[in-house]
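J.: Here is a sequence together with a model predicted from it:
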Amino acid sequence: MTSHPLIARLTEDLGYPRLDAANLDPFLEGAGDGVIFCGGDPLQHPECLDVAVVLPELLGAFPGRLRAAVADRALEPLLQARFGLTRWPSLLFVRSGSYVGTLAGMLDWPAYLARIQDLLAGPVGRPPAVGIAVKTASPTCH
């Protein structure tokens with residue numbers, strides 16, 4: 001599947017690796033902070049193109065602090081299950097093999113800067129779980 005030119009620019013012109021099942025773990029386990037662009041289908045989620053344009057500018061705002069990659073569309077379901085992604089586009093932040101956080105959708109520039117600064121300064125954590133509705137037993141059940 002060919003990428004939209006704005007997404008292809010990230011890998012072809014800017015050199016961000018395109019992640020698939022074979023190279024995901026080495027990227028995740030790399031030193032320091034990383035961000036993975038998970039765009040989804042540009043036809044279903046047109047704002048992914050906006051995020052694709054903004055991502056290099058965000059990296060420029062935090063020089064030397066982030067390494068970036070682009071998730072192959074076939075990898076996105078695995079990332080969704082592993083890291084609890086619930087919306088596209090998403091920027092998934094990782095640090096030395098651990099989950100840091102996710103920014104979903106297109107944000108205003110000041111919000112991006114503040115939230116990324118918080119993620120970079122914050123600890124790693126546990127990814128959110130994808131919820132499954134659970135019903136409790138009736139109190140009158142024997």
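T.: It's in. Numbering: from 1, shown residues only.
J.: Run a quick neighbour tally on L19.
T.: 24 (other C-beta atoms under 10 Å). Every C-beta, even on glycine, is put in place using the N, C-alpha and C of the backbone.
J.: Can you tell me which residue sits nearest the middle of this structure?
T.: Residue closest to the average C-alpha location in the chain (C-alpha atoms, centre = their mean): L92, at 2.3 Å.
J.: list the buried ones in the helix or strand bottoming out on mean pLDDT in the chain?
T.: Lowest mean confidence among the helices and strands of the chain (mean pLDDT, DSSP states H and E): helix 76-83, at a mean of 94. Buried residues in helix 76-83, defined by neighbour count with 16 or more other C-beta atoms under 10 Å: E76, L78, L79, Q80, F83.
J.: Make JSON lines out of these and add distance to G40.
T.: JSON lines is the format used below for the buried residues of helix 76-83 (distance: C-beta to C-beta, whole Å):
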{"residue": "E76", "distance to G40": "7"}
{"residue": "L78", "distance to G40": "14"}
{"residue": "L79", "distance to G40": "11"}
{"residue": "Q80", "distance to G40": "10"}
{"residue": "F83", "distance to G40": "14"}
